[in-house]
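> let me see the structure of the following:
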Amino acid sequence: MLSGDIFVPAVITFILLSGVFKGVDIAHEFACGAKQSLLTVLDILPSLVLLMTAVGMFSSSGAVEIITSVLSPITSFLGFPAECVSLAVIRPVSGSGALCTLENILSRVSPDSFTGRVASVLMGSTETTFYTISVYFAAIRQKAGQLVFAGACIADLCGFVFSAVIVRLIM
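Numbering: from 1, shown residues only. I've put the predicted structure just below:
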């Protein structure tokens, strides 16, 4: 048995035993936490539905292909694989869409190729930016400012560019 296999049960046991020794009504606290979580889900649900609808429309409209073809001259000049441009476009918007795009890329090229490695590093080093911003700001009931989006987009752009740079340095 690995030490990792026992870690989670040990932590749960520790939490339960410390609650018992401190005289905490564990079932009541669990129910209160679950209730609060459900209220949070209800608060952010409209934002999630809007985002999922927008992602579906964005993907189905062919906008990804148009953006990819527009960006291709720039990305080829920078040495970024053309096959990864669609992943870079969809990644900030949709995690599941990016995962499907990654699967398509890896089914066409070898995972050990430059393109396959860039796609893998890009997927692992970037975030579904707009989803994360939407969920976070809906949860705290505030409106995201322009600087939040600008900073997140710059971070994503760095992740895209440096995924190719790092893979090129390591290969």
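> and for V93, the neighbour number?
Number of residues near V93 (other C-beta atoms under 10 Å) recorded here: 19. C-beta coordinates here come from the backbone N, C-alpha and C atoms, glycine included.
> tell me which element it is part of?
For V93, there is no helix or strand it lies in under DSSP states H and E.
> roughly how far apart are M123 and C153?
Going from M123 to C153 by C-beta to C-beta, to the nearest Å gives 17 Å.
> neighbour-wise, which of the two wins?
The neighbour comparison of M123 against C153 (other C-beta under 10 Å) goes to M123, with 21 against 13.
> secondary structure element for the more buried one?
Here M123 sits within helix 114-125, counting by DSSP H and E.
> ok, V8 next?
Per DSSP H and E: helix 3-21 holds V8.
> buried set for stretch 69-85?
L71, T75, F80, P81, E83, C84, V85 (16 or more other C-beta atoms under 10 Å).
> quick revisit: what sits up against the helix holding M123?
80-81, 83-84, 87-88, 91, 98-99, 102, 105-106, 109-111, 159-160, 162-164, 166-168, 171 (C-beta atoms under 8 Å, 6 or more residues apart in numbering).
> and stretch 144-154, by the same measure?
For stretch 144-154, contacts defined as C-beta under 8 Å, 6+ apart pick out P92, E127, T129, F130, T132, I133, S134, F137.
> is the spatially closest residue to the fifth one that is not a sequence neighbour in a helix, a strand, or coil?
This means T132. Once flanking residues are discounted, T132 sits nearest to A152: 7.9 Å by C-beta to C-beta, 6 or more residues apart in numbering. Put simply, A152 is helix when judged by DSSP: H, G, I helix; E, B strand; the rest coil.
> now F80
Judged by three-state DSSP, the three-state class of F80 is coil.
> contacts only, for it.
If you count contacts by C-beta under 8 Å, 6+ apart, F80 has them with A88, V118, F160, V161, A164.
> turn those into a markdown table, including secondary structure, neighbour count and distance to A54.
Output for those, formatted as a markdown table (DSSP: H, G, I helix; E, B strand; the rest coil; neighbours: other C-beta atoms under 10 Å; distance: C-beta to C-beta, whole Å):
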| residue | secondary structure | neighbour count | distance to A54 |
| --- | --- | --- | --- |
| A88 | helix | 28 | 18 |
| V118 | helix | 27 | 27 |
| F160 | helix | 24 | 21 |
| V161 | helix | 16 | 26 |
| A164 | helix | 23 | 28 |
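> how near is D43 to G145?
Counting by C-beta to C-beta, the gap from D43 to G145 is 20 Å.
> which helix runs longest in this protein?
Longest helix of the chain, by residue count under DSSP state H: helix 26-60.
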